[in-house]
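Peer 1: Attaching a predicted model along with its sequence, questions to come.
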Amino acid sequence: MSVHDRIDAEVSAGLEDFFARTGGPGGFNAIADLGERRVVYNRLQAELAAESPDDGTVTYQDLSAPGPAGAVPVRVYRPAAVTGTLPLVLFIHGGGMMLGSVETAHVAARRLTAAVQCVLVSVNYRLAPEHPDPAPVEDCYSALLWAAATTADLGADANRLAVYGPSAGGGLAAGVALLARDRGGPALVLQALIYPMLDDRNDTVSSHEIIDLGVWDRAANLEGWRCLLGDRVGTGGVSPYAAPARARDLRGLPPAYIDVGELDLFRDEDIAYASRLLQAGVPTELHVYAGGVHGGEAYAPEAALSTRVLGWRVDALRRALHG
């Protein structure tokens, strides 16, 4: 059975709609020029956002955090009808280190805020290749420091902080957790790593297996890492804060939640990272779901598989943040 034939049927139907929206079966991977790809990505996300307009249940405001190269834009969300102090989630968007913004992540951030009942700080970190490593992870860590120092103003609890990110955002979230440990930064109650991008070496079985789905596959991943790291990709000069799979010691990190689809090229590196966290004594919850592809819940949000996966994520955050 081919990789395509193993995709969950409802998710597969959602992918076909995604390909139609992007103009062809190759999806974003068929757009060679990064600038053009960004335009298409932003347009598609704007279309999806228009189909899910704000309903008033969540409020938000655009602020800024001090960062290593000036202000780091952040968008802060809060449930509209809830008063009192809430836990805080630092939300780091995906996009392969090359794409995305607080705007493209707006619907996902809004929905997560409502589902978890938290203050959520979405980070508009600088993108590669214009801003290579360490710019993205340092921007995200700066946003965490600001959020932790500003909890009183945000109506948040400094003792209930979590970091959450999908794909590249998951890799950055893992990097932020490592930085917080190593620099004596804010204590985190959870690092929620959603099919995280962790390893620039691209030498696992799944990284070679997932090559032609039209979503995030090997060619796109190699490009993303080259944009972030340049000639350092795959060499000994890569920081574990950029590629957390490189970290030699995972002891003392916050509890982790990790999920990844069976047909995601990150499958093997995510399983390996979860295993190493467990071996280091870090409480870790891992879900590997059959028929799942990278970002499948975004392409087919109504699919039964998507409902299960999204439920696992919300449950993990609520247990960590609300007890």
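Peer 2: That came through, no problem.

Peer 1: For the rest of this, base every contact and every neighbour count on C-alpha atoms.
Peer 2: Will do.

Peer 1: residue boundaries of the helices in this protein?
Peer 2: Using DSSP state H, the helices found in the chain span residues 9-22, 34-50, 106-116, 135-149, 151-154, 168-182, 205-209, 218-229, 267-279, 296-299, 304-322.

Peer 1: Mind putting those into JSON lines with distance to Y60?
Peer 2: Shown next, in JSON lines, are these (distance: least, C-alpha to C-alpha, whole Å):
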{"stretch": "helix 9-22", "distance to Y60": "28"}
{"stretch": "helix 34-50", "distance to Y60": "15"}
{"stretch": "helix 106-116", "distance to Y60": "9"}
{"stretch": "helix 135-149", "distance to Y60": "15"}
{"stretch": "helix 151-154", "distance to Y60": "11"}
{"stretch": "helix 168-182", "distance to Y60": "20"}
{"stretch": "helix 205-209", "distance to Y60": "38"}
{"stretch": "helix 218-229", "distance to Y60": "30"}
{"stretch": "helix 267-279", "distance to Y60": "32"}
{"stretch": "helix 296-299", "distance to Y60": "22"}
{"stretch": "helix 304-322", "distance to Y60": "20"}
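
Peer 1: Identify, out of these, the most deeply packed stretch.
Peer 2: Ranked by mean neighbour count under mean count of other C-alpha atoms under 10 Å, these are led by helix 168-182, which reaches a mean of 25.

Peer 1: among the helices of the chain, which is nearest L90?
Peer 2: helix 135-149 (6.6 Å; C-alpha to C-alpha).

Peer 1: now the closest residue to G56 other than its chain neighbours: how far from P132?
Peer 2: For G56, ignoring the flanking residues on the chain, the nearest one in space by C-alpha to C-alpha, 6 or more residues apart in numbering is A80 at 7.1 Å. As judged by C-alpha to C-alpha, to the nearest Å, A80 and P132 stand 37 Å apart.

Peer 1: which of those two has more neighbours?
Peer 2: P132 (20 against 13; other C-alpha atoms under 10 Å).

Peer 1: is it true that the more buried one touches C227?
Peer 2: Yes - with contact defined as C-alpha atoms under 8 Å, P132 counts as touching C227 (6.7 Å).
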